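**Student:** build the 3D model from these lines:
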Amino acid sequence: MVVGHRLEQRLGQALVMTPQLQQAIKLLQLSNLDLAAYVEQEVESNPLLERVPGDDTGPAEAGPAAGGEELAGAPDPAEMTGSESLAGAGEAALGGDDGELYDGGAPAPAERELGIEVYGRGGGTGFDDGGGFEDSLTRPRTLREHLEEQLDLDVADPTDRVVCRHLIDALDEAGYVVGDCGQIAHALGCPPARVERALALMQRCEPAGVFARSLGECLALQLADQGRLTPPMQALVANLDLVAGHALDRLAELCAVAPEEVIEMVAELRRLDPKPGLVFDSEPTQTVIADVIVRPHAGGWSVELNSDTLPKVLVNNRYYSLVGRAARTKQDRAYLSERLQTANWLVKALEQRANTILKVATELVRQQDGFLRKGIMHLRPLTLRDIADAVSMHESTISRVTTNKYMATPRGIFELKYLFSSAIPSSNGGASHSSEAIRHRIKELIDNEPADDVLSDDRLVAVLEASGIDIARRTVAKYRESMRIPSSVQRRRARAARI
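**Tutor:** Numbers count the residues shown, from 1 in each chain. As a prediction, this is how the structure comes out:
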(Lines give C-alpha, C1' and ligand atoms only; values in the text may rest on other atoms or scores of the structure.)
Protein backbone atom coordinates (compact mmCIF):
# COMPACT_ATOMS: atom_id res chain seq x y z
CA MET A 1 0.00 0.00 0.00
CA VAL A 2 1.44 3.32 -1.13
CA VAL A 3 0.66 6.47 0.81
CA GLY A 4 1.17 9.79 -0.96
CA HIS A 5 -0.19 13.20 -1.89
CA ARG A 6 -1.84 14.09 -5.15
CA LEU A 7 -4.03 16.85 -6.63
CA GLU A 8 -7.48 16.15 -8.02
CA GLN A 9 -10.10 18.33 -9.73
CA ARG A 10 -13.77 17.66 -9.08
CA LEU A 11 -16.81 19.31 -10.63
CA GLY A 12 -19.97 19.57 -8.58
CA GLN A 13 -23.02 21.72 -7.93
CA ALA A 14 -23.72 23.48 -4.67
CA LEU A 15 -26.15 26.17 -3.52
CA VAL A 16 -24.24 29.19 -2.22
CA MET A 17 -25.93 31.97 -0.28
CA THR A 18 -24.26 35.15 -1.44
CA PRO A 19 -24.11 38.07 1.01
CA GLN A 20 -26.56 40.02 -1.15
CA LEU A 21 -29.01 37.10 -1.21
CA GLN A 22 -28.77 36.81 2.57
CA GLN A 23 -29.51 40.52 2.90
CA ALA A 24 -32.45 40.18 0.48
CA ILE A 25 -33.94 37.41 2.62
CA LYS A 26 -33.42 39.55 5.71
CA LEU A 27 -35.20 42.52 4.10
CA LEU A 28 -38.14 40.33 3.12
CA GLN A 29 -39.01 39.35 6.69
CA LEU A 30 -38.47 42.74 8.32
CA SER A 31 -41.48 44.68 9.60
CA ASN A 32 -42.04 48.21 8.35
CA LEU A 33 -40.41 49.71 11.46
CA ASP A 34 -37.39 47.42 11.26
CA LEU A 35 -37.06 48.10 7.53
CA ALA A 36 -37.09 51.85 8.12
CA ALA A 37 -34.36 51.45 10.75
CA TYR A 38 -32.29 49.28 8.41
CA VAL A 39 -32.58 51.76 5.55
CA GLU A 40 -31.67 54.61 7.87
CA GLN A 41 -28.54 52.73 8.92
CA GLU A 42 -27.62 52.14 5.28
CA VAL A 43 -28.13 55.82 4.47
CA GLU A 44 -25.79 56.80 7.31
CA SER A 45 -23.06 54.41 6.17
CA ASN A 46 -23.34 55.02 2.41
CA PRO A 47 -22.56 58.55 1.16
CA LEU A 48 -24.30 57.84 -2.15
CA LEU A 49 -27.67 57.13 -0.53
CA GLU A 50 -30.16 59.79 0.53
CA ARG A 51 -33.38 59.33 2.49
CA VAL A 52 -36.42 61.33 1.38
CA PRO A 53 -39.04 61.10 4.16
CA GLY A 54 -42.60 61.92 3.22
CA ASP A 55 -41.89 62.13 -0.52
CA ASP A 56 -44.63 60.38 -2.54
CA THR A 57 -43.25 61.21 -5.98
CA GLY A 58 -42.17 58.47 -8.37
CA PRO A 59 -38.68 57.79 -9.66
CA ALA A 60 -36.78 60.80 -10.94
CA GLU A 61 -36.97 61.35 -14.67
CA ALA A 62 -33.24 61.67 -15.07
CA GLY A 63 -31.59 58.26 -15.04
CA PRO A 64 -28.12 57.25 -13.91
CA ALA A 65 -26.69 57.78 -17.36
CA ALA A 66 -27.77 61.43 -17.30
CA GLY A 67 -26.22 61.95 -13.90
CA GLY A 68 -29.64 62.11 -12.26
CA GLU A 69 -31.14 60.27 -9.29
CA GLU A 70 -33.14 57.07 -8.83
CA LEU A 71 -35.99 56.82 -6.33
CA ALA A 72 -36.80 53.43 -4.83
CA GLY A 73 -39.14 52.08 -2.22
CA ALA A 74 -42.39 53.39 -3.75
CA PRO A 75 -42.67 51.68 -7.16
CA ASP A 76 -45.02 52.98 -9.84
CA PRO A 77 -48.34 51.14 -10.40
CA ALA A 78 -47.11 50.00 -13.81
CA GLU A 79 -44.10 48.35 -12.23
CA MET A 80 -46.25 46.68 -9.57
CA THR A 81 -48.70 45.15 -12.04
CA GLY A 82 -46.36 43.02 -14.03
CA SER A 83 -43.18 44.48 -15.49
CA GLU A 84 -41.19 41.32 -16.13
CA SER A 85 -38.01 43.26 -16.76
CA LEU A 86 -37.93 44.17 -13.07
CA ALA A 87 -37.88 40.54 -11.99
CA GLY A 88 -35.09 39.85 -14.45
CA ALA A 89 -33.05 42.74 -13.13
CA GLY A 90 -33.62 41.43 -9.63
CA GLU A 91 -32.20 38.04 -10.50
CA ALA A 92 -29.10 39.62 -11.93
CA ALA A 93 -28.71 41.89 -8.91
CA LEU A 94 -29.27 39.24 -6.28
CA GLY A 95 -27.45 36.49 -8.11
CA GLY A 96 -28.41 33.05 -9.31
CA ASP A 97 -31.91 31.53 -9.34
CA ASP A 98 -33.31 33.45 -6.42
CA GLY A 99 -35.81 35.39 -8.50
CA GLU A 100 -38.69 33.67 -6.68
CA LEU A 101 -37.91 35.75 -3.64
CA TYR A 102 -38.93 38.89 -5.49
CA ASP A 103 -41.21 38.03 -8.38
CA GLY A 104 -43.36 40.85 -9.62
CA GLY A 105 -45.61 38.97 -12.09
CA ALA A 106 -48.92 40.18 -13.48
CA PRO A 107 -52.30 39.39 -11.86
CA ALA A 108 -53.47 35.87 -12.54
CA PRO A 109 -56.65 35.22 -14.58
CA ALA A 110 -58.41 34.16 -11.38
CA GLU A 111 -57.65 37.57 -9.90
CA ARG A 112 -59.23 39.30 -12.87
CA GLU A 113 -62.31 37.07 -12.56
CA LEU A 114 -62.78 38.14 -8.94
CA GLY A 115 -62.27 41.77 -9.85
CA ILE A 116 -59.04 42.15 -7.89
CA GLU A 117 -57.05 45.18 -8.95
CA VAL A 118 -53.43 45.50 -7.91
CA TYR A 119 -51.73 48.81 -7.25
CA GLY A 120 -48.20 49.57 -6.24
CA ARG A 121 -48.83 52.68 -4.19
CA GLY A 122 -50.92 53.09 -1.13
CA GLY A 123 -52.77 56.22 -0.22
CA GLY A 124 -56.28 57.42 0.37
CA THR A 125 -58.30 58.39 3.39
CA GLY A 126 -56.73 57.42 6.68
CA PHE A 127 -53.23 56.94 5.27
CA ASP A 128 -52.16 60.50 4.52
CA ASP A 129 -48.68 61.84 5.17
CA GLY A 130 -49.78 64.37 7.78
CA GLY A 131 -48.87 63.65 11.36
CA GLY A 132 -51.63 62.26 13.55
CA PHE A 133 -53.09 63.92 16.61
CA GLU A 134 -50.93 61.75 18.88
CA ASP A 135 -47.80 63.30 17.35
CA SER A 136 -48.66 66.63 19.01
CA LEU A 137 -49.11 65.24 22.52
CA THR A 138 -46.63 66.17 25.22
CA ARG A 139 -44.85 63.57 27.35
CA PRO A 140 -47.07 62.40 30.21
CA ARG A 141 -45.84 62.74 33.77
CA THR A 142 -44.32 59.54 35.12
CA LEU A 143 -45.19 57.80 38.37
CA ARG A 144 -41.76 58.64 39.76
CA GLU A 145 -42.23 62.37 39.10
CA HIS A 146 -45.69 62.29 40.66
CA LEU A 147 -44.44 60.57 43.82
CA GLU A 148 -41.39 62.82 44.17
CA GLU A 149 -43.64 65.87 44.13
CA GLN A 150 -45.63 64.42 47.04
CA LEU A 151 -42.41 63.41 48.80
CA ASP A 152 -41.10 66.99 48.71
CA LEU A 153 -44.31 68.24 50.31
CA ASP A 154 -44.99 65.52 52.90
CA VAL A 155 -41.56 64.40 54.21
CA ALA A 156 -39.29 66.93 55.91
CA ASP A 157 -36.58 64.75 57.52
CA PRO A 158 -33.55 64.48 55.16
CA THR A 159 -32.80 60.88 56.14
CA ASP A 160 -36.39 59.81 55.60
CA ARG A 161 -36.28 61.48 52.20
CA VAL A 162 -33.29 59.37 51.20
CA VAL A 163 -35.09 56.17 52.26
CA CYS A 164 -38.30 57.23 50.50
CA ARG A 165 -36.45 58.00 47.28
CA HIS A 166 -34.86 54.56 47.42
CA LEU A 167 -38.35 53.06 47.83
CA ILE A 168 -39.51 55.01 44.78
CA ASP A 169 -36.61 53.53 42.83
CA ALA A 170 -37.68 50.05 44.01
CA LEU A 171 -41.15 50.32 42.42
CA ASP A 172 -42.06 48.31 39.35
CA GLU A 173 -44.26 49.68 36.57
CA ALA A 174 -47.45 48.53 38.36
CA GLY A 175 -46.53 50.45 41.54
CA TYR A 176 -45.43 47.48 43.68
CA VAL A 177 -42.27 47.46 45.83
CA VAL A 178 -39.70 44.98 44.51
CA GLY A 179 -37.77 43.41 47.40
CA ASP A 180 -38.44 43.39 51.14
CA CYS A 181 -37.65 46.02 53.74
CA GLY A 182 -34.74 43.97 55.12
CA GLN A 183 -32.91 44.04 51.79
CA ILE A 184 -33.52 47.76 51.36
CA ALA A 185 -32.34 48.44 54.91
CA HIS A 186 -29.18 46.43 54.31
CA ALA A 187 -28.47 48.33 51.10
CA LEU A 188 -28.93 51.70 52.86
CA GLY A 189 -27.22 50.71 56.10
CA CYS A 190 -30.15 51.71 58.31
CA PRO A 191 -32.48 49.82 60.69
CA PRO A 192 -35.37 47.91 59.05
CA ALA A 193 -37.79 49.77 61.33
CA ARG A 194 -36.87 53.04 59.65
CA VAL A 195 -37.57 51.55 56.22
CA GLU A 196 -40.92 50.25 57.47
CA ARG A 197 -41.80 53.73 58.75
CA ALA A 198 -40.82 55.33 55.45
CA LEU A 199 -42.85 52.72 53.58
CA ALA A 200 -45.90 53.51 55.70
CA LEU A 201 -45.46 57.21 54.83
CA MET A 202 -45.25 56.52 51.11
CA GLN A 203 -48.24 54.18 51.16
CA ARG A 204 -50.39 57.24 51.90
CA CYS A 205 -49.43 58.77 48.54
CA GLU A 206 -51.66 59.02 45.52
CA PRO A 207 -52.66 56.97 43.65
CA ALA A 208 -53.95 54.78 46.47
CA GLY A 209 -52.45 51.30 46.44
CA VAL A 210 -48.88 52.18 45.43
CA PHE A 211 -45.94 50.85 47.47
CA ALA A 212 -47.82 47.61 48.16
CA ARG A 213 -45.89 44.36 48.42
CA SER A 214 -48.73 42.06 47.32
CA LEU A 215 -52.09 42.21 45.62
CA GLY A 216 -53.90 41.85 48.95
CA GLU A 217 -51.99 44.77 50.46
CA CYS A 218 -52.67 46.88 47.35
CA LEU A 219 -56.42 46.29 47.61
CA ALA A 220 -56.33 46.88 51.38
CA LEU A 221 -54.62 50.25 50.90
CA GLN A 222 -57.29 51.34 48.44
CA LEU A 223 -60.08 50.20 50.74
CA ALA A 224 -58.48 52.04 53.67
CA ASP A 225 -58.25 55.20 51.55
CA GLN A 226 -62.01 54.92 50.92
CA GLY A 227 -62.78 54.14 54.56
CA ARG A 228 -64.07 50.68 53.64
CA LEU A 229 -61.46 48.43 55.27
CA THR A 230 -63.88 46.78 57.70
CA PRO A 231 -63.13 43.46 59.49
CA PRO A 232 -65.20 41.47 56.95
CA MET A 233 -63.31 43.18 54.13
CA GLN A 234 -59.99 42.37 55.81
CA ALA A 235 -61.00 38.71 55.95
CA LEU A 236 -62.07 38.79 52.29
CA VAL A 237 -58.77 40.37 51.16
CA ALA A 238 -56.85 37.77 53.16
CA ASN A 239 -58.53 34.97 51.21
CA LEU A 240 -58.25 36.09 47.58
CA ASP A 241 -57.62 32.49 46.51
CA LEU A 242 -61.14 31.59 47.63
CA VAL A 243 -62.50 34.61 45.78
CA ALA A 244 -60.86 33.34 42.58
CA GLY A 245 -62.39 29.89 43.18
CA HIS A 246 -65.88 31.37 43.76
CA ALA A 247 -66.11 29.60 47.15
CA LEU A 248 -69.11 31.65 48.28
CA ASP A 249 -70.15 29.60 51.30
CA ARG A 250 -66.61 29.38 52.70
CA LEU A 251 -66.08 33.13 52.29
CA ALA A 252 -69.37 33.86 54.03
CA GLU A 253 -68.22 31.71 56.95
CA LEU A 254 -64.79 33.41 57.21
CA CYS A 255 -66.19 36.94 56.89
CA ALA A 256 -69.10 36.20 59.26
CA VAL A 257 -71.63 37.71 56.90
CA ALA A 258 -74.46 36.46 54.71
CA PRO A 259 -73.67 35.12 51.21
CA GLU A 260 -75.50 38.07 49.67
CA GLU A 261 -73.13 40.48 51.43
CA VAL A 262 -70.12 38.53 50.20
CA ILE A 263 -71.35 39.01 46.63
CA GLU A 264 -71.53 42.78 47.17
CA MET A 265 -68.08 42.83 48.82
CA VAL A 266 -66.50 40.93 45.93
CA ALA A 267 -68.13 43.31 43.45
CA GLU A 268 -66.56 46.19 45.41
CA LEU A 269 -63.16 44.50 45.22
CA ARG A 270 -63.45 44.16 41.45
CA ARG A 271 -63.95 47.91 41.13
CA LEU A 272 -60.49 48.54 42.62
CA ASP A 273 -57.31 48.91 40.54
CA PRO A 274 -54.89 45.99 41.01
CA LYS A 275 -52.09 47.90 39.19
CA PRO A 276 -52.37 51.57 40.22
CA GLY A 277 -48.94 52.50 38.85
CA LEU A 278 -49.95 51.85 35.25
CA VAL A 279 -52.10 54.99 35.29
CA PHE A 280 -48.86 56.98 34.97
CA ASP A 281 -46.24 54.71 33.46
CA SER A 282 -48.33 52.90 30.86
CA GLU A 283 -46.78 52.99 27.40
CA PRO A 284 -48.68 54.94 24.74
CA THR A 285 -50.72 52.80 22.40
CA GLN A 286 -48.73 51.86 19.33
CA THR A 287 -50.89 52.13 16.25
CA VAL A 288 -50.44 49.28 13.77
CA ILE A 289 -49.62 50.63 10.32
CA ALA A 290 -50.86 48.34 7.56
CA ASP A 291 -48.44 47.28 4.85
CA VAL A 292 -51.26 46.43 2.44
CA ILE A 293 -54.62 48.17 1.97
CA VAL A 294 -57.63 46.27 0.62
CA ARG A 295 -60.71 48.20 -0.54
CA PRO A 296 -63.92 47.19 -2.35
CA HIS A 297 -63.76 48.10 -6.03
CA ALA A 298 -66.15 47.40 -8.91
CA GLY A 299 -67.60 44.29 -7.32
CA GLY A 300 -64.18 42.97 -6.35
CA TRP A 301 -61.19 44.17 -4.37
CA SER A 302 -58.36 46.61 -4.98
CA VAL A 303 -55.06 45.64 -3.36
CA GLU A 304 -52.59 48.44 -2.73
CA LEU A 305 -49.28 48.81 -0.98
CA ASN A 306 -49.28 51.48 1.72
CA SER A 307 -46.61 53.89 0.52
CA ASP A 308 -46.20 55.22 4.07
CA THR A 309 -44.43 51.99 5.01
CA LEU A 310 -42.04 52.03 2.02
CA PRO A 311 -38.77 53.89 2.64
CA LYS A 312 -37.81 56.32 -0.11
CA VAL A 313 -34.15 56.11 -1.06
CA LEU A 314 -32.22 58.19 -3.58
CA VAL A 315 -29.02 57.15 -5.33
CA ASN A 316 -27.10 60.39 -5.84
CA ASN A 317 -25.33 59.80 -9.12
CA ARG A 318 -24.29 63.44 -9.40
CA TYR A 319 -22.35 63.16 -6.18
CA TYR A 320 -20.81 59.91 -7.40
CA SER A 321 -19.65 61.60 -10.63
CA LEU A 322 -18.28 64.59 -8.75
CA VAL A 323 -16.35 62.57 -6.18
CA GLY A 324 -15.28 60.01 -8.77
CA ARG A 325 -13.49 62.69 -10.78
CA ALA A 326 -11.68 63.82 -7.64
CA ALA A 327 -10.60 60.29 -6.63
CA ARG A 328 -6.84 59.92 -6.96
CA THR A 329 -6.03 56.45 -5.71
CA LYS A 330 -7.15 53.00 -6.73
CA GLN A 331 -8.52 52.38 -3.24
CA ASP A 332 -10.74 55.47 -3.42
CA ARG A 333 -12.15 54.46 -6.79
CA ALA A 334 -12.76 50.92 -5.56
CA TYR A 335 -14.56 52.24 -2.46
CA LEU A 336 -16.84 54.48 -4.55
CA SER A 337 -17.60 51.65 -6.96
CA GLU A 338 -18.50 49.32 -4.09
CA ARG A 339 -20.74 51.99 -2.48
CA LEU A 340 -22.53 52.58 -5.78
CA GLN A 341 -23.09 48.85 -6.26
CA THR A 342 -24.48 48.54 -2.73
CA ALA A 343 -26.77 51.54 -3.23
CA ASN A 344 -28.14 50.23 -6.53
CA TRP A 345 -28.69 46.82 -4.98
CA LEU A 346 -30.68 48.35 -2.12
CA VAL A 347 -32.83 50.26 -4.60
CA LYS A 348 -33.68 47.08 -6.51
CA ALA A 349 -34.13 45.01 -3.34
CA LEU A 350 -36.69 47.47 -1.94
CA GLU A 351 -38.64 47.47 -5.18
CA GLN A 352 -38.62 43.69 -5.43
CA ARG A 353 -39.58 43.31 -1.75
CA ALA A 354 -42.64 45.46 -2.44
CA ASN A 355 -43.45 43.35 -5.51
CA THR A 356 -43.33 40.12 -3.51
CA ILE A 357 -45.47 41.41 -0.65
CA LEU A 358 -48.06 42.68 -3.09
CA LYS A 359 -48.17 39.43 -5.05
CA VAL A 360 -48.64 37.31 -1.91
CA ALA A 361 -51.23 39.71 -0.47
CA THR A 362 -53.19 39.63 -3.74
CA GLU A 363 -53.33 35.84 -3.66
CA LEU A 364 -54.43 35.92 -0.01
CA VAL A 365 -57.29 38.27 -0.92
CA ARG A 366 -58.30 35.94 -3.75
CA GLN A 367 -58.26 32.89 -1.48
CA GLN A 368 -60.10 34.60 1.42
CA ASP A 369 -62.72 36.43 -0.63
CA GLY A 370 -65.50 34.82 1.42
CA PHE A 371 -64.01 36.07 4.69
CA LEU A 372 -63.73 39.62 3.41
CA ARG A 373 -67.33 39.60 2.14
CA LYS A 374 -69.19 37.60 4.80
CA GLY A 375 -67.08 37.42 7.96
CA ILE A 376 -65.06 35.08 10.13
CA MET A 377 -67.32 32.03 9.67
CA HIS A 378 -66.35 32.01 5.98
CA LEU A 379 -62.58 32.01 6.61
CA ARG A 380 -61.12 29.20 4.49
CA PRO A 381 -58.54 26.70 5.75
CA LEU A 382 -55.28 27.86 4.24
CA THR A 383 -51.64 26.82 4.51
CA LEU A 384 -48.36 28.30 3.38
CA ARG A 385 -48.08 25.60 0.73
CA ASP A 386 -51.40 26.64 -0.82
CA ILE A 387 -50.14 30.20 -1.38
CA ALA A 388 -46.66 29.02 -2.37
CA ASP A 389 -48.08 26.79 -5.10
CA ALA A 390 -50.39 29.53 -6.36
CA VAL A 391 -47.64 32.15 -6.72
CA SER A 392 -44.80 29.73 -7.63
CA MET A 393 -42.64 30.48 -4.61
CA HIS A 394 -41.17 28.47 -1.77
CA GLU A 395 -43.02 28.04 1.53
CA SER A 396 -40.17 29.71 3.43
CA THR A 397 -40.55 32.77 1.21
CA ILE A 398 -44.28 32.97 1.99
CA SER A 399 -43.51 32.60 5.69
CA ARG A 400 -41.06 35.51 5.58
CA VAL A 401 -43.45 37.69 3.57
CA THR A 402 -46.33 37.17 6.01
CA THR A 403 -44.28 37.72 9.17
CA ASN A 404 -44.93 41.07 10.90
CA LYS A 405 -46.95 42.33 7.92
CA TYR A 406 -50.47 43.72 8.32
CA MET A 407 -53.41 44.14 5.95
CA ALA A 408 -56.08 46.81 6.34
CA THR A 409 -59.46 45.50 5.18
CA PRO A 410 -63.08 46.65 5.55
CA ARG A 411 -63.29 44.17 8.46
CA GLY A 412 -60.30 45.63 10.28
CA ILE A 413 -56.53 45.30 10.33
CA PHE A 414 -55.20 41.74 10.41
CA GLU A 415 -51.73 40.25 10.44
CA LEU A 416 -51.22 38.27 7.25
CA LYS A 417 -50.55 35.18 9.39
CA TYR A 418 -54.14 35.45 10.69
CA LEU A 419 -55.47 34.48 7.27
CA PHE A 420 -53.77 31.07 7.55
CA SER A 421 -55.46 28.37 9.61
CA SER A 422 -55.62 24.60 9.82
CA ALA A 423 -58.54 22.57 8.51
CA ILE A 424 -61.22 20.82 10.56
CA PRO A 425 -63.00 18.10 8.53
CA SER A 426 -66.72 18.22 7.87
CA SER A 427 -68.92 15.49 9.35
CA ASN A 428 -71.19 15.34 6.29
CA GLY A 429 -68.44 15.10 3.67
CA GLY A 430 -68.59 18.76 2.69
CA ALA A 431 -65.83 21.35 2.62
CA SER A 432 -63.44 21.59 5.58
CA HIS A 433 -63.79 24.32 8.17
CA SER A 434 -61.15 26.76 9.35
CA SER A 435 -59.91 26.30 12.90
CA GLU A 436 -60.19 30.06 13.45
CA ALA A 437 -63.84 29.96 12.39
CA ILE A 438 -64.42 27.09 14.83
CA ARG A 439 -62.89 29.14 17.66
CA HIS A 440 -65.22 31.99 16.81
CA ARG A 441 -68.20 29.61 16.77
CA ILE A 442 -67.28 28.16 20.19
CA LYS A 443 -66.95 31.64 21.70
CA GLU A 444 -70.28 32.66 20.15
CA LEU A 445 -72.04 29.63 21.63
CA ILE A 446 -70.60 30.25 25.10
CA ASP A 447 -71.38 33.97 25.01
CA ASN A 448 -75.00 33.24 24.13
CA GLU A 449 -75.56 30.31 26.51
CA PRO A 450 -78.41 30.79 29.03
CA ALA A 451 -77.44 31.52 32.61
CA ASP A 452 -79.22 28.37 33.81
CA ASP A 453 -77.97 26.12 31.00
CA VAL A 454 -74.15 26.23 30.80
CA LEU A 455 -72.71 24.31 27.85
CA SER A 456 -70.14 21.65 28.70
CA ASP A 457 -67.41 20.65 26.26
CA ASP A 458 -69.38 17.50 25.37
CA ARG A 459 -72.47 19.54 24.54
CA LEU A 460 -70.36 21.94 22.48
CA VAL A 461 -69.10 18.96 20.48
CA ALA A 462 -72.69 17.84 19.89
CA VAL A 463 -73.78 21.31 18.74
CA LEU A 464 -70.82 21.60 16.38
CA GLU A 465 -71.39 18.11 14.94
CA ALA A 466 -75.01 19.07 14.29
CA SER A 467 -73.63 21.99 12.27
CA GLY A 468 -71.54 19.61 10.16
CA ILE A 469 -68.23 20.02 12.01
CA ASP A 470 -66.35 16.86 12.97
CA ILE A 471 -64.34 17.79 16.04
CA ALA A 472 -63.03 15.97 19.13
CA ARG A 473 -63.80 17.03 22.70
CA ARG A 474 -60.13 17.60 23.51
CA THR A 475 -59.90 19.96 20.52
CA VAL A 476 -62.88 21.95 21.82
CA ALA A 477 -61.24 22.14 25.25
CA LYS A 478 -57.95 23.27 23.68
CA TYR A 479 -59.64 26.01 21.67
CA ARG A 480 -61.65 27.14 24.71
CA GLU A 481 -58.56 27.35 26.89
CA SER A 482 -56.64 29.24 24.19
CA MET A 483 -59.36 31.91 24.36
CA ARG A 484 -59.10 31.93 28.20
CA ILE A 485 -62.69 30.83 28.65
CA PRO A 486 -63.29 29.00 31.98
CA SER A 487 -64.67 25.50 32.07
CA SER A 488 -68.39 24.87 32.36
CA VAL A 489 -68.04 24.13 36.09
CA GLN A 490 -66.29 27.45 36.75
CA ARG A 491 -68.80 29.36 34.60
CA ARG A 492 -71.69 27.71 36.45
CA ARG A 493 -70.23 28.66 39.84
CA ALA A 494 -69.58 32.23 38.77
CA ARG A 495 -73.11 32.68 37.45
CA ALA A 496 -74.70 31.01 40.46
CA ALA A 497 -72.81 33.39 42.75
CA ARG A 498 -73.20 36.30 40.30
CA ILE A 499 -69.48 37.09 40.85
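**Student:** most residues in a single helix of the chain, which one?
**Tutor:** The longest helix of the chain (DSSP state H) is helix 330-367.
**Student:** model confidence over it, on average?
**Tutor:** Taken as a whole, helix 330-367 has a mean pLDDT of 88.
**Student:** list the buried residues in the following helix or strand past it.
**Tutor:** As assigned by DSSP states H and E, the chain's next helix or strand after helix 330-367 is helix 369-374. Neighbour-count burial for helix 369-374, counted by 16 or more other Cβ atoms under 10 Å, picks out 369, 371-372. To be clear about C-beta, it is placed using only N, CA and C from the backbone, and glycine gets the same treatment.
**Student:** next: stretch 374-388.
**Tutor:** Residues 379-382, 384, 386-388 are the ones in stretch 374-388 that count as buried (16+ other Cβ under 10 Å).
**Student:** mind listing the strands in the protein by residue range?
**Tutor:** 49-51, 69-72, 117-119, 292-297, 300-305, 313-316, 406-409, 412-415, 423-424, 433-434 (DSSP state E).
**Student:** if you compare the ones you listed, which one is most tucked away?
**Tutor:** Each of the strands of the chain was assessed for mean neighbour count using mean count of other Cβ atoms under 10 Å. The highest is strand 433-434, with a mean of 24.
**Student:** show me what it is packed against.
**Tutor:** strand 423-424 (3 or more Cβ pairs under 8 Å, 6 or more residues apart in numbering; DSSP states H and E).
**Student:** and the contacts of the strand it packs on?
**Tutor:** 381, 432-435, 438, 469-471, 475 (Cβ atoms under 8 Å, 6 or more residues apart in numbering).
**Student:** now, these that are in helices?
**Tutor:** 435, 438, 475.
**Student:** so can I have JSON lines of the residues you listed showing distance to Arg333, neighbour count and pLDDT?
**Tutor:** Shown next, in JSON lines, are the ones in helices among the contacts of strand 423-424 (distance: Cβ to Cβ, whole Å; neighbours: other Cβ atoms under 10 Å; pLDDT from 0 to 100):
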{"residue": "Ser435", "distance to Arg333": "59", "neighbour count": "18", "pLDDT": "83"}
{"residue": "Ile438", "distance to Arg333": "64", "neighbour count": "22", "pLDDT": "88"}
{"residue": "Thr475", "distance to Arg333": "66", "neighbour count": "17", "pLDDT": "89"}
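**Student:** what is the nearest of the buried residues of helix 369-374 to His186?
**Tutor:** The shortest approach to His186 among the buried residues of helix 369-374 belongs to Phe371, at 59.9 Å (Cβ to Cβ).
**Student:** what's the closest non-adjacent residue to the closest one?
**Tutor:** Nearest non-adjacent residue to Phe371, counting by Cβ to Cβ, 6 or more residues apart in numbering: Leu379, 4.4 Å away.
**Student:** same question, Asp172
**Tutor:** Nearest residue to Asp172, sequence neighbours excluded (Cβ to Cβ, 6+ apart): Val178, at 5.4 Å.
**Student:** where does the one you found fall, phi/psi-wise?
**Tutor:** Backbone torsions of Val178, given as degrees, to the nearest 10, read phi -90, psi 120.
**Student:** what's it in contact with, if anything?
**Tutor:** Residues near Val178 by Cβ under 8 Å, 6+ apart: 170-172.
**Student:** rerun at 10 Å
**Tutor:** 169-172, 184, 213 (Cβ atoms under 10 Å, 6 or more residues apart in numbering).
**Student:** now distance to Val39 and pLDDT too, for those residues, in CSV please.
**Tutor:** As requested, those are arranged in CSV below (distance: Cβ to Cβ, whole Å; pLDDT from 0 to 100):
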residue, distance to Val39, pLDDT
Asp169, 38, 83
Ala170, 41, 82
Leu171, 38, 84
Asp172, 36, 84
Ile184, 47, 79
Arg213, 47, 87
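**Student:** leaving out the residues flanking it, which one is nearest to Glu40?
**Tutor:** Nearest non-adjacent residue to Glu40, counting by Cβ to Cβ, 6+ apart: Arg51, 6.6 Å away.
**Student:** wait, the one you found sits on Val43?
**Tutor:** Yes. Under the criterion of Cβ atoms under 10 Å, Arg51 is in contact with Val43, at a separation of 4.7 Å.
**Student:** identify the contacts common to those two.
**Tutor:** Shared contacts of Arg51 and Val43 (Cβ under 10 Å, 6+ apart): 311, 313-314.
**Student:** and Glu444, how many neighbours?
**Tutor:** Residues near Glu444, counting by other Cβ atoms under 10 Å, number 12.
**Student:** do the one 4 residues further on as well
**Tutor:** When neighbours are defined as other Cβ under 10 Å, Asn448 has 8 of them.
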